[in-house]
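>>> Structure for the following, please:
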Amino acid sequence: LFQEGRIKVAKELKLSSILVEELLNFKVKIDIKTAHDSYEAWREGVHDDLVLATALACWYAENQPPMPRIRAL
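Presented below is the predicted three-dimensional model:
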C-alpha cells in the first residue's frame with residue numbers, strides 16, 4: 001500500500017517519526033525450502049508495535065465487504 005501510494009504517514013501524526021523508524025527496521029524473510037514469507041523487526045529489541053497496528057488496520061480496511069448502497073425511496 002505504501003509503494004502504491006495508497007497509504008501515507010501524516011506528518012501531523014504524534015508518533016509519525018517512530019512509525020517511519022519502525023517501518024524502516026522491518027524486514028521480510030523467505031524460507032527457501034517452503035517459499036513462505038515471514039515479517040519481523042530487523043534485529044532483536046527493535047519495536048514493531050506501530051507497524052503491526054498499521055498492518056492490522058490496513059488488512060481490515062482491504063477485507064471489508066462492500067457497504068450496501070442506500071437509496072432514497
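>>> how about the helices in the protein?
According to DSSP state H, the chain carries its helices in the segments 16-24, 49-62.
>>> Run the angle between the shortest one and helix 49-62 for me.
Angle, helix 16-24 to helix 49-62, by axes from the mean of the first three to the mean of the last three Cα atoms, to 10 degrees: 80 degrees.
>>> what about helix 16-24, average pLDDT?
Per-residue pLDDT values across helix 16-24 average out to 92.
>>> quick one: contacts of that helix?
Here helix 16-24 makes contact (Cβ atoms under 8 Å, 6 or more residues apart in numbering) with 2, 9-10, 13, 41, 46-51, 54. For every residue, glycine as well, the C-beta is placed using N, CA and C.
>>> what do you get for the longest one?
Counting by Cβ under 8 Å, 6+ apart, helix 49-62 makes contact with 1, 7, 15, 18-19, 22-23, 26, all of which sit outside it.
>>> Ala35: which of the helices of the chain is closest?
Relative to Ala35, the nearest member of these by Cβ to Cβ is helix 49-62, separated by 20.7 Å.
>>> buried sites along the closest one?
For helix 49-62, a neighbour-count test (16 or more other Cβ atoms under 10 Å) marks 50-51, 54 as buried.
>>> For Thr34, state which of those is nearest.
The nearest one, if we look at the buried residues of helix 49-62 relative to Thr34 and count by Cβ to Cβ, is Val51, at 23.5 Å.
>>> count of neighbours near the nearest residue to the closest one once chain neighbours are set aside?
Nearest-residue entry for Val51: Glu22, 4.7 Å, with adjacent residues in sequence omitted and distances by Cβ to Cβ, 6 or more residues apart in numbering. By the other Cβ atoms under 10 Å criterion, the neighbourhood of Glu22 contains 21 residues.
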